[in-house]
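Enquirer: how would this look folded up:
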Amino acid sequence: MSKVHNVIIIGSGPAGYTAGLYAARAMLEPLMFGGYMSGGQLMLTSDIENFPGYPKGIGGPEMMTELREQAERFGLEVRDQNVESVDVSEQPFKVVVEDETFLANAIIVSTGAESIWLNAPGEEAQKGRGISTCATCDGAFFRDEEVMVIGGGDSACEEATFLTRFASKVTLVHRRDVFKASTIMYERVLNHEKIEIKTFRQVKEWLSDEKGLTGAVLEDPRDGSTESINATGAFIAIGHTPITGFLGGQVEVDDEGYILHKKHTMTSVEGVFAAGDVVDTRYKQAITAAGMGCQAAMDVEKWLEDQH
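Expert: Got it, this is the predicted structure:
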């Protein structure tokens, strides 16, 4: 506990690894706690085709491995452990990992946001094999195929509309008949010739064969009646949960728990910075997370210089 690190990065993924790369190149000797499931959401993405520099695409886990190796080559130290809590009430900050306490002058939080899954029977086996939480990431893989979107908010309507560029048919499934989506977004899906809306329906079970997803059994929550629907792709759009519980409410967040930036990438606590999906309520892309990770590392470097 005696050593005080210049910066500790909490969380991996594109934001964390890019922050680690920039901080390491700035000779800050960063320490990262990447989590037991390091790599973030892209570890569940089979193919990434929209990240610059990969003309033939790349697998999500493969990209995360390469990002990590690149950052480690410049001196990032990565530990695949979860942070249990932090104390940012005074300098140096305390970061508690299992039974150890680590000290840091600055912290970058890049823990991301978890997609909310349905957890219906058959779902786990089809994650990345037909079931996704990102139409922008995976929609192009379902060209001329039938897909479904689950949700009733703006995100679900946006995903459904986006998917009409590729899919032959999009079925929007919602467990109620009242949509949270804005009027303009709802009317867009309502009037689209490729989109069919099924209300009072929820996924009871996912259907699949050896090739992947084939569809789902939908249940009417009012009377328990069921029907089957064909789909080779399904996109769950019922929200995200930012991973901020370990902060113990010490950093200011919005109503949904996303960390708020106060000055550039600095949070409400001087010396604590945040990057990626733990902040981003809009874009949620690997490239935007990486860009914010770069910004956070540069902000840390400048802030540490100003402290001396």
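
Enquirer: By mean pLDDT, point me to the weakest helix or strand of this protein.
Expert: Taking mean pLDDT, DSSP states H and E as the measure, helix 135-138 is the helix or strand of the chain with the lowest mean score, a mean of 87.

Enquirer: by contact count, what packs against the top strand by length along the chain?
Expert: The strand that spans the most residues within the chain, counting by DSSP state E, is strand 100-109. Packing partners of strand 100-109 (3 or more Cβ pairs under 8 Å, 6 or more residues apart in numbering; DSSP states H and E): strand 4-10, helix 13-25, strand 93-97, strand 272-274, helix 286-307. For glycine as for every other residue, the C-beta is placed from the backbone atoms N, C-alpha and C.

Enquirer: which of the residues in the helix or strand that it is followed by are buried?
Expert: Following strand 100-109 in sequence order, the next helix or strand is strand 113-115 (DSSP states H and E). Residues of strand 113-115 classed as buried: 113, 115 (neighbour count, 16 or more other Cβ atoms under 10 Å).

Enquirer: any chance you could map the strands in the stretch 151-300 of the chain?
Expert: Using DSSP state E, counting those that start in this stretch, the strands of the stretch 151-300 of the chain run over 169-173, 195-198, 202-209, 212-219, 226-230, 233-236, 240-242, 272-274.

Enquirer: For those strands, state which one has the densest average packing.
Expert: Of the strands of the stretch 151-300 of the chain, the one with the most neighbours on average (mean count of other Cβ atoms under 10 Å) is strand 272-274, at a mean of 28.

Enquirer: tell me how far that strand is from the chain's mean position?
Expert: Remark: strand 272-274 is offset 17 Å from the chain centroid, using Cα atoms, centre = their mean, to the nearest Å.

Enquirer: Show me what that strand is packed against.
Expert: Using 3+ Cβ pairs under 8 Å, 6+ apart, strand 272-274 sits against strand 100-109, helix 286-307.

Enquirer: Quick one, which of these gets closest to Leu260.
Expert: Closest approach to Leu260 among the helices and strands packed on strand 272-274 is made by strand 100-109 (11.7 Å; Cβ to Cβ).

Enquirer: Each with direction, which strands does the closest one pair with?
Expert: Using DSSP bridges, strand 100-109 pairs in its sheet with strand 4-10 (parallel), strand 93-97 (antiparallel), strand 272-274 (parallel).

Enquirer: Which one, of the ones you listed, ends up nearest to Ala71?
Expert: strand 4-10 (9.5 Å).

Enquirer: May I have that closest one exported as PDB, CA atoms only?
Expert: Output of strand 4-10 as PDB, limited to C-alpha atoms (Å, rounded to 0.1, in the frame of the first residue of the first chain):
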ATOM      1  CA  VAL A   4       1.300   5.800  -4.800                       C
ATOM      2  CA  HIS A   5       0.500   5.200  -8.500                       C
ATOM      3  CA  ASN A   6       0.200   8.100 -10.800                       C
ATOM      4  CA  VAL A   7      -3.000   6.700 -12.200                       C
ATOM      5  CA  ILE A   8      -5.200   3.600 -11.700                       C
ATOM      6  CA  ILE A   9      -7.600   2.700 -14.500                       C
ATOM      7  CA  ILE A  10     -10.700   0.800 -13.400                       C
END
